[in-house]
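Engineer: Only the shape, not the letters, is given here:
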């Protein structure tokens, strides 16, 4: 019998890196830019980490959602199931640490690429949801914005027997379901106009972030004393552009992420370690 491979111990956190990070955050006036890696400890997978869903799953694109009614129906069936896990997720130690640093006056604002609402649930203020939030829907015909909870009640009423188990839920709330179960799902229309298809109020892959939201984020970075990137690979320009802007302006950048990122050569302080370890340590050092 072949012996099971020995468990791999996580690499020790570099004390010098933690000290440098503490100095950067301790100067205050910090804007946080968070990514999916911050929410993995809450049971929401990331896209590009070691177990990232992009390795196995092609996410819904904006173009498909708009042009393909079948694809749109498939998304909502899977999202109806996946919403249970997103709704049940709770802030983890990393989210609470960000709120704690903000409460101590060290963090002035948060830009998040996540759509799960966990920063706000942990008590953070002045959070800009760069990619929107899964807790809202928008009608593509009349533009009405409504709460996801109300839609979920309507969907449960229209689908009393639709409840397949999902083995995996992606960061956008899209559950992995076999195609053969999707035909039994019934989607509802917009309550405000009765016509338009509904879309979660999130920015899909291939969709453009609203310009006013981007400008607000740039203004936050430009006014900051430092930018702190948490749990983002910075693979897409949506978040990476804020690191580039900070570098251009000479604003120091700290980065905490498990694994390599696109911005590693652009930052002043880099800590490769779990956020659930590093961030509570920062709070213990700085916000006590």
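Structural biologist: Nice, I can see it. Just so it is clear, the structure is predicted and the values come from calculations on it, not from any experiment.
Engineer: packing partners for the longest helix belonging to the chain?
Structural biologist: Secondary structure of the chain per DSSP state H: the longest helix is helix 69-88. The helices and strands touching helix 69-88, judged by 3 or more C-beta pairs under 8 Å, 6 or more residues apart in numbering; DSSP states H and E, are helix 62-67, helix 148-158. Where C-beta positions appear, they are placed from N, C-alpha and C, glycine not excepted.
Engineer: which strands and helices sit next to the last one?
Structural biologist: Using 3+ C-beta pairs under 8 Å, 6+ apart as the contact test, the elements touching helix 148-158 are helix 69-88, strand 132-139.
Engineer: Show me what counts as buried in the longest one.
Structural biologist: Residues of helix 69-88 classed as buried under the neighbour-count rule (16 or more other C-beta atoms under 10 Å) are 72-83, 85-86.
Engineer: Same question for the last one.
Structural biologist: Taking 16+ other C-beta under 10 Å as the neighbour-count basis, strand 132-139 is seen to contain the buried residues 132-139.
Engineer: now swap in stretch 35-46 and tell me
Structural biologist: Of the residues in stretch 35-46, those buried (16+ other C-beta under 10 Å) are 35-42, 44-46.
Engineer: And the residues you listed, which is the shakiest by pLDDT?
Structural biologist: Minimum pLDDT for the buried residues of stretch 35-46 is recorded at residue 46 (73).
Engineer: Leaving out chain neighbours, which residue sits closest to that one?
Structural biologist: Spatial nearest neighbour of residue 46, chain neighbours left out: residue 36 (3.7 Å); criterion: C-beta to C-beta, 6 or more residues apart in numbering.
Engineer: Can you verify my assumption that that neighbour contacts residue 42?
Structural biologist: No. Checked against C-beta atoms under 8 Å, the pair residue 36 and residue 42 is beyond contact range at 10.6 Å.
Engineer: Please settle this for me: is residue 125 part of a strand?
Structural biologist: No. Read with DSSP: H, G, I helix; E, B strand; the rest coil, residue 125 is coil and lies in no strand.
Engineer: need the contact list for it.
Structural biologist: residue 102 (C-beta atoms under 8 Å, 6 or more residues apart in numbering).
Engineer: swap in residue 144?
Structural biologist: 138, 190-193.
Engineer: hmm, back to that, out of the buried residues of stretch 35-46, which are inside strands?
Structural biologist: Per DSSP state E, strands hold no members of these.
Engineer: which one of these is nearest residue 119?
Structural biologist: Of all those, the one with the least separation from residue 119 (C-beta to C-beta) is residue 38, at 8.3 Å.
Engineer: nearest residue to the closest one other than its sequence neighbours?
Structural biologist: Residue 38's closest residue in space is residue 231 (C-beta to C-beta, 6+ apart), at 3.7 Å.
Engineer: how deep is the one you found tucked in, by neighbour count?
Structural biologist: 28 (other C-beta atoms under 10 Å).
Engineer: Settle this for me: it is touching residue 35, isn't it.
Structural biologist: Yes. Residue 231 is within contact range of residue 35, at 4.7 Å (criterion: C-beta under 8 Å).
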